[in-house]
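1. Here is my input, please return the structure:
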Amino acid sequence: MTEKKLAMIATKGTLDWAYPPFILASTASALGYDVEIFCTFYGLQLLKKDLNLQVSSLGNPGMPMPMPVPVILQILPGMQSMMTVMMKKKMKDKGVADLAELRDLCVEAEVRLLACQMTVDLFEMDTNEFIDGVDYVGAASFFEFAGDADICLYI
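-> Next comes the predicted model:
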């Protein structure tokens, strides 16, 4: 029997958008899937050693808040930090794993983490800021895997 494959493209660099790729990848790996996450543009933040990601409620009307915050107030200085603290507290209170722990779980489960070389070059990113074990590839390399994947997700 052929091993199932999950291919994901991660394009977002905020805390709330960082969880789905790692949750799905670790779950799929535990179920026996071969998994690759292709991180491009702002998704490259997921591969940095320092995972100091923020939540942006602005433009995210579906974000559940303990109290309603009018959009106009969300542009005030400090609101993004406040929203991030609230989100991290809620996750901790509900027993959701820390983002770094989820990423480490993926690494241990041999999820292949790919950095888009074109984006790294475009933004002149320092690869020393990325975790060990990241593969730097072009889109064509990812398509070799994704073309045979059972599931392809764009996150």
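
2. Show me which helix or strand of the protein is least confident by mean pLDDT.
-> helix 79-93 (a mean of 84; mean pLDDT, DSSP states H and E).

3. angle of the very next helix or strand once past that one against helix 79-93?
-> Downstream of helix 79-93, the next assigned helix or strand under DSSP states H and E is helix 99-108. Compare the direction of helix 99-108 with that of helix 79-93 by axes from the mean of the first three to the mean of the last three Cα atoms, to 10 degrees and you get 60 degrees.

4. what does helix 99-108 contact?
-> 15, 18-19, 22-23, 25-26, 29, 35, 37, 46, 51, 53, 97, 113, 131, 133 (Cβ atoms under 8 Å, 6 or more residues apart in numbering). For glycine as for every other residue, the C-beta is placed from the backbone atoms N, C-alpha and C.

5. So which bits of it are buried?
-> For helix 99-108, burial by neighbour count (16 or more other Cβ atoms under 10 Å) applies to 99, 102-103, 105-107.

6. how about low-confidence regions in the protein?
-> Using pLDDT under 70 as the threshold, the predicted model of the chain has low-confidence ranges 1-2, 57-75.

7. at 90 what do you get?
-> Where the chain drops to pLDDT under 90, the residues are 1-2, 16, 52, 54-91.

8. What strand or helix carries the residue nearest the centre of it?
-> When Cα atoms, centre = their mean is applied to the chain, the residue found nearest the centroid is A18 (3.0 Å). Using DSSP H and E, the secondary-structure element containing A18 is helix 15-30.

9. Run the angle between that helix and helix 79-93 for me.
-> Orientation check (the same axes, to 10 degrees): helix 15-30 against helix 79-93 gives 30 degrees.

10. what comes up buried for helix 15-30?
-> The neighbour-count criterion (16+ other Cβ under 10 Å) identifies 15-19, 21-26, 28-29 as the buried residues of helix 15-30.

11. If anything else comes up later, I'll come back, but that's it for now.
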